[in-house]
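K.L.:
Sequence first, then the predicted structure:
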Amino acid sequence: MKRFIIGIGGVTNGGKTTLTNRLSKALPNCCVVHQDDFFKPQDQIAVGDDGFRQWDVMTALDMEAMVSTVRAWQENPLKFALSHGVRTRAEEQDPALHHQAHILIVEGFLLYNYKPLLDMFDKRYYITIPYAECKRRRSTRKYTVPDPPGLFDGHVWPMYLKHRAEMESSCVDVEHLDGMQSKDEIYNQVYKDIQNTLLNSL
Ligand SMILES: Nc1ncnc2c1ncn2[C@@H]1O[C@H](COP(=O)(O)OP(=O)(O)OP(=O)(O)O)[C@@H](O)[C@H]1O
Ligand SMILES: NC(=O)c1ccc[n+]([C@@H]2O[C@H](CO)[C@@H](O)[C@H]2O)c1
């Protein structure tokens, strides 16, 4: 049974969770790992010289635990699905793929800057949206720890630019997605692409 690990990375509020949720319902035998579930507790997040808690850096995340979770899926996708309460709905899925592939979607804003995780992906997507749209969408969001005033311009966006530049300079192979397209357009494009990738490699 073939196993595929798909990364849905990119900028905060680019639409990663929206896309992941739709894909995970449509793809066969599909589990999901969300990077946001691996944030360290607030009291372990350093406060920078700028006065902001440094949420948007690798050290804010327990990346070892995240990699272990992905390894647990690799070792036994069926056990992983059962223990994470995933029920696959065969009747809605593509019968050509259903019995042949197990899929893990890993979704998050900092997937491709951590080598041990980077190397686990079979396919990497990277969603981007421009600054103004990102700031607008982010201002409507309620995180477990709400953004203090100025966090977006003082920390979130500069860290995004820094990590993106790092990723580009290390020539990571990613497929870019335009997060300004409609949710349907993005979903249809990625679903078709995954279907082709799977069928070509089975
Ligand atoms: N293609 C789209 N067009 C317009 N709005 C979108 C699109 N995709 C998602 N959104 C909206 O943008 C906001 C962020 O979406 P989502 O939670 O999927 O992003 P995310 O990348 O997972 O964000 P984060 O990881 O920073 O929490 C939501 O309000 C969502 O409805
Ligand atoms: N999920 C959280 O615990 C949390 C807390 C504080 C900030 N964030 C933000 O989540 C985004 C990634 O999805 C990052 O831009 C963080 O700033 C998340």
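P.N.:
Received it, and whenever you're ready, just let me know what you need. Ligands and ions are numbered 1, 2, ... in the order given.
K.L.:
C-alpha coordinates for stretch 44-62, CSV please?
P.N.:
Output of stretch 44-62 as CSV, limited to C-alpha atoms (Å, rounded to 0.1, in the frame of the first residue of the first chain):
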residue,chain,number,x,y,z
GLN,A,44,7.7,29.0,26.9
ILE,A,45,7.4,31.5,24.0
ALA,A,46,10.3,34.0,24.2
VAL,A,47,9.7,37.8,24.2
GLY,A,48,11.9,39.5,21.7
ASP,A,49,13.7,42.9,21.9
ASP,A,50,10.7,44.3,20.0
GLY,A,51,8.5,43.4,23.0
PHE,A,52,6.4,40.8,21.1
ARG,A,53,6.1,37.1,22.0
GLN,A,54,8.0,35.3,19.1
TRP,A,55,5.2,33.0,17.9
ASP,A,56,6.3,32.9,14.2
VAL,A,57,9.6,31.3,14.6
MET,A,58,10.6,27.6,14.6
THR,A,59,11.5,27.5,18.3
ALA,A,60,7.9,28.4,19.2
LEU,A,61,7.0,24.9,17.9
ASP,A,62,7.8,21.4,19.2
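K.L.:
What lies in contact with that stretch?
P.N.:
Where contact means Cβ atoms under 8 Å, 6 or more residues apart in numbering, the residues beyond stretch 44-62 that reach it are 12, 35, 38-40, 42, 109-110, 113-114, 145, 148, 150-151, 154-156, 159-160. Any C-beta I mention is one placed from the backbone N, CA and C, and that applies to glycine too.
K.L.:
If you count neighbours, what's buried in it?
P.N.:
Buried residues in stretch 44-62, counted by 16 or more other Cβ atoms under 10 Å: Ile45, Phe52, Arg53, Gln54, Trp55, Asp56, Val57, Ala60, Leu61, Asp62.
K.L.:
Relative to Cys31, how far out is the fifth one?
P.N.:
Counting by Cβ to Cβ, to the nearest Å, the separation of Trp55 from Cys31 is 26 Å.
K.L.:
Pipe the buried residues of stretch 44-62 into JSON lines and attach secondary structure per row.
P.N.:
Formatted as JSON lines, the buried residues of stretch 44-62 follow (DSSP: H, G, I helix; E, B strand; the rest coil):
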{"residue": "Ile45", "secondary structure": "coil"}
{"residue": "Phe52", "secondary structure": "coil"}
{"residue": "Arg53", "secondary structure": "strand"}
{"residue": "Gln54", "secondary structure": "coil"}
{"residue": "Trp55", "secondary structure": "coil"}
{"residue": "Asp56", "secondary structure": "coil"}
{"residue": "Val57", "secondary structure": "coil"}
{"residue": "Ala60", "secondary structure": "helix"}
{"residue": "Leu61", "secondary structure": "strand"}
{"residue": "Asp62", "secondary structure": "coil"}
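K.L.:
That's all I had, so thanks and see you.
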